[in-house]
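Participant: Predicted model and sequence follow; I will ask about them next.
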Amino acid sequence: MFAARRWFALVLALTLGACATSAPSPPKSALTILVSLDGFRPDYLDRGETPTLSALAADGVRGAMRPSFPSLTYPNHYTLITGKRPDHNGVVDNTMEDAEIPGVAFKMSNHQAVSDGRWWSQATPLWVTAERQGVHAGTLFWPGSESEIEGVRPSRWQVFDEKLASNDRVDTLLSWIDSDAPELGFTTLYFDVVDTQGHHYGPVSPEVNTAIVEVDTAVARLVAGLKVRGLYDTTNIVVVADHGMAPQPLSKLIDLATIVDPPKVRLVGTGSVVGVRPLVGHEAEVRAALLKPIPHLTCWEKAKIPARFGYGANPRVQPIVCLAEKGWYFTTATSIKKRWDEHPRDGGAHGYDPADSDMRAVFVAHGPAFRPGVVLPVFDNVAVYPLLTRLIGVRGEKGDGRILPIGPALR
């Protein structure tokens, strides 16, 4: 049994030893489950659609997190699991290029690239640290978990399947917990439906509310499954999101070709955050076109990105980075047409300034490590990693955050 579990079991056994001999035996293990609700804003808990998550928060901890820049899915999931901001963990955008990996465009839709460990090798995810220190990990969908990183894979993992229903994801995780080969000390669980519906219909929509109900029901299924196995009282559940969501009207879709001549640039990532590489011989005219006041869009040379974003040193960051004003979306004519054809309605987007309240991500924690009824001030999401290393009892890598903002929530 792992060191952290032995410690917890000893404390629990000494406590229960004073009870009547007829008291049930303590559960055999302690477990930490990290649950990601992609695109779940903290204020979604106030809509009356989340009885399970709200109960976990009331009997545990609730807070709101500022995402790291850029407030996109892959960069922030890797920040949460490594403790390093995107500029330091190497996952600087959902779409990337790297001179050291020529001819390959990293995109969420490119499974071959997503499962290539070279893209994830600039930081060590928690499951690698855990496995090296004797704590077996299971990753039911988490960016990076499909690839071998530093020669290590989690003990249990599965290729991302967007079509796998939320309840089926819970059942898969519970089946892993039931297995004795190996006994897991740390797991992840990922749900994408709230983010998907947020993009399609916007954060203030009946469809998002339905998605919120779906993930809350799935978390209820997880809680019930832990209870029937006698594991609920010794399991720490940490619920996070990678970012929030803002309304994004169709009227605020802008073709980048109206700002910069397409044959003169390589666009690496578009939307709320735009990465631009001027093509050889066109550097001066591209800089002139972008590094001037543009309505609803601000562009910087990478060395001059505001320090508060902690972004711009990584070689994967493009020479020019542009950030849209909230609600605006700068992309190509082809992408705009596709949006009109597939979802001809106002929707939602993220990737905007992490300081904006609409970009905040939910944080809920419950279990033996946490005090009940704690509401934390807003904190940066780099604090989650040192919390997780403490919960599972491993020595973490040096990161960009400290556990201090979450400290008042701990027993």
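Facilitator: That came through, no problem.
Participant: C-alpha only now, for contacts and for neighbours.
Facilitator: Noted.
Participant: per-domain residue ranges of the chain.
Facilitator: Structurally, the chain divides into domains by automatic domain parsing as follows: 28-246+354-409, 250-345.
Participant: can you put those in a markdown table and add mean neighbour count and mean pLDDT?
Facilitator: Supplementary listing: the domains of the chain in a markdown table, determined by neighbours: other CA atoms under 10 Å; pLDDT from 0 to 100:
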| stretch | mean neighbour count | mean pLDDT |
| --- | --- | --- |
| domain 28-246+354-409 | 20 | 96 |
| domain 250-345 | 17 | 96 |
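Participant: how close does Y190 get to K107?
Facilitator: Distance check for Y190 against K107: by CA to CA, to the nearest Å, it reads 19 Å.
Participant: no wait, A99
Facilitator: Taken as CA to CA, the spacing of A99 relative to K107 amounts to 15 Å.
Participant: got it, and A58?
Facilitator: Look at A58 and K107: by CA to CA, they are 38 Å apart.
Participant: how about the strands in the stretch 1-150 of the chain?
Facilitator: 31-37, 61-66, 136-140 (DSSP state E, counting those that start in this stretch).
Participant: now the helix ranked longest in the chain against strand 31-37, angle please.
Facilitator: Looking across the chain with DSSP state H, the single longest helix is helix 206-228. Using axes from the mean of the first three to the mean of the last three CA atoms, to 10 degrees, the inter-axis angle of helix 206-228 relative to strand 31-37 is 170 degrees.
Participant: which is the next helix or strand following helix 206-228?
Facilitator: Once helix 206-228 ends, the next helix or strand along the chain (criterion: DSSP states H and E) is strand 235-240.
Participant: From the contact counts, what lies against the helix or strand that that next one is followed by?
Facilitator: Counting by DSSP H and E, the element after strand 235-240 in chain order, helix or strand, is strand 246-248. In this structure, strand 246-248 packs against strand 347-349, with contacts taken as 3 or more CA pairs under 8 Å, 6 or more residues apart in numbering; DSSP states H and E.
Participant: Tell me the strands beside the next helix or strand after the strand it packs on, with direction?
Facilitator: Beyond strand 347-349 in the direction of the C-terminus, DSSP H and E gives the next helix or strand as strand 361-366. The sheet places strand 361-366 alongside strand 61-66 (antiparallel), strand 235-240 (antiparallel), with pairing taken from DSSP bridges.
Participant: can you pull out the helices in the stretch 301-411 of the chain?
Facilitator: Assigned by DSSP state H, counting those that start in this stretch, the helices in the stretch 301-411 of the chain fall at 333-342, 384-392.
Participant: Distance to S121 added to those helices, as CSV?
Facilitator: Below are the helices of the stretch 301-411 of the chain laid out as CSV (distance: least, CA to CA, whole Å):
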stretch, distance to S121
helix 333-342, 31
helix 384-392, 17
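Participant: what about those helices, which gets the closest to L174?
Facilitator: Closest approach to L174 among the helices of the stretch 301-411 of the chain (CA to CA): helix 384-392, 18.4 Å.
Participant: Does anything pack onto that closest one? Which helices or strands?
Facilitator: strand 31-37, helix 73-82.
Participant: can we see that at 10 Å?
Facilitator: Secondary-structure packing of helix 384-392 (3 or more CA pairs under 10 Å, 6 or more residues apart in numbering; DSSP states H and E): helix 3-17, strand 31-37, helix 73-82, helix 126-132, strand 184-191, strand 235-240.
Participant: rewinding a little: looking at the strands of the stretch 1-150 of the chain, spot the one closest to T270.
Facilitator: Between the strands of the stretch 1-150 of the chain, strand 61-66 lies closest to T270; by CA to CA that is 21.8 Å.
Participant: Run the chain-centre distance for the closest one.
Facilitator: Remark: strand 61-66 is offset 14 Å from the chain centroid, using CA atoms, centre = their mean, to the nearest Å.
Participant: tell me the angle it makes with helix 384-392.
Facilitator: Between the axis of strand 61-66 and that of helix 384-392 there is an angle of 150 degrees, by the same axes, to 10 degrees.
Participant: returning to that earlier point: now do the longest helix of the chain: distance to the chain's middle.
Facilitator: In terms of CA atoms, centre = their mean, the centre of helix 206-228 is set 18 Å apart from its chain centre.
Participant: Save the strands paired with strand 361-366 as TSV, and put in distance to V362 too.
Facilitator: Written out in TSV, the entries for these read as follows (distance: least, CA to CA, whole Å):
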stretch	distance to V362
strand 61-66	5
strand 235-240	5
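Participant: out of those strands, nearest to I320?
Facilitator: strand 61-66 (23.8 Å).
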